[in-house]
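>>> what shape does this take:
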Amino acid sequence: MEQGNPVEASVLVVCPTCGTQMHPRRELIGKRVRCPECGAAVPVVEQTPQQARATTHPPGENEYRLSGDDQPVEQPQLVKVKCGTCHALLYPRAELIGKHVRCPDCFKPVLVVAPVEAPPPKKLAPAGEYNLDAPPPENPLAALVPTTPRAEPILEPEPLPPPAPSLWYWTGIFSFPWYPETVSRWMTLTLFAVFANGVAAYGVGVIAEMAAGGNALGNIGAAIKVAFTIALAAISWLLMLAYGSGCVVAIIRDTASGNDDVADWHDTEFPEAMARALDVLFPMAGAGALGFGAYLVLLPLVGGPWASVAGGLVGLFLYPIMLVSALENGAFWVVVSGSTLRLIFGFFSGWLLVNLEMAVVTGAWLQFTRIGSHYLPIITAILGAPLYAAVLMIDARLLGRFLYRANEIVSERAAQSDEEDDDGDED
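Here you go, the predicted structure:
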């Protein structure tokens, strides 16, 4: 069948851009179809083959027309554009600069930009005689580029953490809770402690008042009141201990790395703090159990007061060892670590000094709390909260300083031992 006589189910459409003949279905009349050659959108209309061919602008293949004018036909000015998607080269007319044309290959819009004029070619100097002995011409960039090498390196190395002060057991220890980077955590822990201690002291007072009046849990209202107070105290203490545990872990970690300020406080966020609570509380429970065992053993031998003091000292001495071991092993139930014991025995004098300071600070706070709770429990709970927060941070700071200093000493001794072994091998 000839091309000019389409079947009844299709119509003849000629692309007005490139002259390609298409035969879309009749149900597409009134819509547009895409030209398979140039990608132009061509409307589908009902027309005769002569009308369809007359709509195309370029002449058909092998057809020529003569202009009646003797002047040459002016060619349109084209610009060269490259598609940013498929990198096809397009040559749109210059009047389309600043507009978008559609790429015939990938059909993406391409912005037509004005061509950049190439710089004129550099003229070469005329040929002449060359004097090989003449000095080289002066470099115009010599004044801008220094010829002397830089004394310092171009890429500065990352600074190492500052070393701990010479008085590592004293400098920056007792003032640490009030550092600008630390005071907000100290205040938050203080507020938690005030609420937790206040609720606990109120509950103890309610129970004592009920016991003194002979109405222990005689009615439902009193029982509900006591149960609510105990539950609220337990929740508030759990939150306080979780936040305090996160502070302890963050302080020990950064201080043991040699940093004077704690930069990474992510363990104080509640999801991490709750996970860190067992790292601090389980060793505390273990040390407390061993201290109570020492108290029971010494009670028939030395009496109650001395047995209490001995049991407390055992718990205070063992708790730092078990805490650091749990943090070293990454498991709260592993409270004995070989590396921690090596650091302690490698720098035992520093360990005794740190424990002495911790015992003095913690013992003073416990004595204040014990005496105040006997006379003014509510006021003692409120006033003891900031002291509790400060003692917690000071003890953690002391442990971090000990670990940093003990690592230095053990490393220096290992290096000296290696040097002596090398000297002995050479001899």
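
>>> then Phe402 would be within a helix, right?
Yes: if the criterion is DSSP: H, G, I helix; E, B strand; the rest coil, then Phe402 is within a helix.

>>> which of the helices or strands spans the spatially closest residue to it that is not a sequence neighbour?
In this structure, Phe402 finds its nearest non-sequential neighbour in Val354, 4.6 Å apart by C-beta to C-beta, 6 or more residues apart in numbering. Glycine gets a C-beta too; all of them are placed from N, C-alpha and C. In the assignment (DSSP states H and E), Val354 maps to helix 348-375.

>>> who are the packing partners of that helix?
helix 304-329, helix 377-426 (3 or more C-beta pairs under 8 Å, 6 or more residues apart in numbering; DSSP states H and E).

>>> list the buried residues for it?
Using 16 or more other C-beta atoms under 10 Å as the test for burial, helix 348-375 gives 350-351, 353-355, 357-358, 361-362, 365, 369, 372-373.

>>> now, which of those residues sits nearest Ile173?
Each of these was checked against Ile173 using C-beta to C-beta; the closest is Glu357, at 7.6 Å.

>>> contacting residues for the nearest residue to that closest one once chain neighbours are set aside?
Nearest residue to Glu357 in three dimensions, chain neighbours excluded: Leu398, at 5.8 Å (C-beta to C-beta, 6+ apart). Applying C-beta atoms under 8 Å, 6 or more residues apart in numbering, we find Leu398 in contact with 169, 173, 354, 357-358.

>>> any chance of those in CSV with pLDDT as columns?
As requested, those are exported to CSV (pLDDT from 0 to 100):
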residue, pLDDT
Tyr169, 78
Ile173, 86
Val354, 87
Glu357, 88
Met358, 85
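
>>> tell me the bridge partners for Pro43.
Arg32 (DSSP bridges).

>>> okay, it and Glu357: tell me how far apart.
For Pro43, the distance to Glu357 (C-beta to C-beta, to the nearest Å) stands at 92 Å.

>>> likewise Val101?
For Val101, the distance to Glu357 - C-beta to C-beta - is 80 Å.

>>> what of Leu281?
23 Å.

>>> show me where the stretch 1-150 of the chain has its helices.
49-54 (DSSP state H, counting those that start in this stretch).

>>> in it, where is pLDDT below threshold?
By pLDDT under 70, the weakly predicted segments of the stretch 1-150 of the chain are 1-8, 49-75, 118, 124-132, 139-150.

>>> if you set the cut-off to 50 instead, what comes out?
1-6, 59-62 (pLDDT under 50).

>>> any idea how many residues pack against the residue nearest to Asn355 when sequence neighbours are not counted?
With C-beta to C-beta, 6+ apart as the criterion, Asn355 has its nearest non-adjacent residue at 5.9 Å, and that residue is Phe317. Each residue near Phe317 was counted by other C-beta atoms under 10 Å, and the total is 17.

>>> give me the mean pLDDT for stretch 322-335.
Averaging pLDDT along stretch 322-335 gives 79.

>>> flag every buried residue along it.
Neighbour-count burial for stretch 322-335, with 16+ other C-beta under 10 Å as criterion, is recorded at 322-329, 332, 335.

>>> mind giving me a markdown table with the residues you listed and columns for distance to Val112?
Below are the buried residues of stretch 322-335 laid out as a markdown table (distance: C-beta to C-beta, whole Å):
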| residue | distance to Val112 |
| --- | --- |
| Met322 | 76 |
| Leu323 | 72 |
| Val324 | 71 |
| Ser325 | 73 |
| Ala326 | 70 |
| Leu327 | 66 |
| Glu328 | 68 |
| Asn329 | 68 |
| Phe332 | 69 |
| Val335 | 75 |
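
>>> which one of those residues sits closest to Ile382?
Each of these was scored against Ile382 by C-beta to C-beta, and Leu323 proved nearest at 27.9 Å.

>>> OK, contacts around that closest one?
Leu323 makes contacts with 248, 279-280, 283-284, 399, as judged by C-beta under 8 Å, 6+ apart.

>>> from those, which ones fall inside strands?
Using DSSP state E, the subset of the contacts of Leu323 located in strands is empty.

>>> hmm, which of the residues you listed is lowest in pLDDT?
When the contacts of Leu323 are compared, the smallest pLDDT is that of Asp279, 76.

>>> surely that one is in contact with Ala326?
Yes: using C-beta atoms under 8 Å, Asp279 makes contact with Ala326 at a distance of 5.3 Å.

>>> joint contacts of the two?
Between them, Asp279 and Ala326 share the contacting residues Phe332, judged by C-beta under 8 Å, 6+ apart.

>>> wait, which of the buried residues of helix 348-375 is closest to Tyr202?
Ser373 (12.7 Å).

>>> so how many other residues sit close to the closest residue to the closest one other than its chain neighbours?
Closest residue to Ser373 apart from its sequence neighbours, by C-beta to C-beta, 6+ apart: Thr380 at 5.2 Å. Neighbour count of Thr380, defined by other C-beta under 10 Å: 19.

>>> against Gln367, how distant is Thr380?
Distance from Thr380 to Gln367, counting by C-beta to C-beta: 11 Å.

>>> now Ala307
Distance from Ala307 to Gln367, by C-beta to C-beta: 18 Å.

>>> got TSV for the contacts of Leu398, with distance to Arg26 too?
Formatted as TSV, the contacts of Leu398 follow (distance: C-beta to C-beta, whole Å):
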residue	distance to Arg26
Tyr169	97
Ile173	94
Val354	96
Glu357	98
Met358	96
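
>>> circling back: dump the helices and strands packed on helix 348-375 to JSON lines, plus distance to Leu296.
JSON lines is the format used below for the helices and strands packed on helix 348-375 (distance: least, C-beta to C-beta, whole Å):
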{"stretch": "helix 304-329", "distance to Leu296": "8"}
{"stretch": "helix 377-426", "distance to Leu296": "26"}
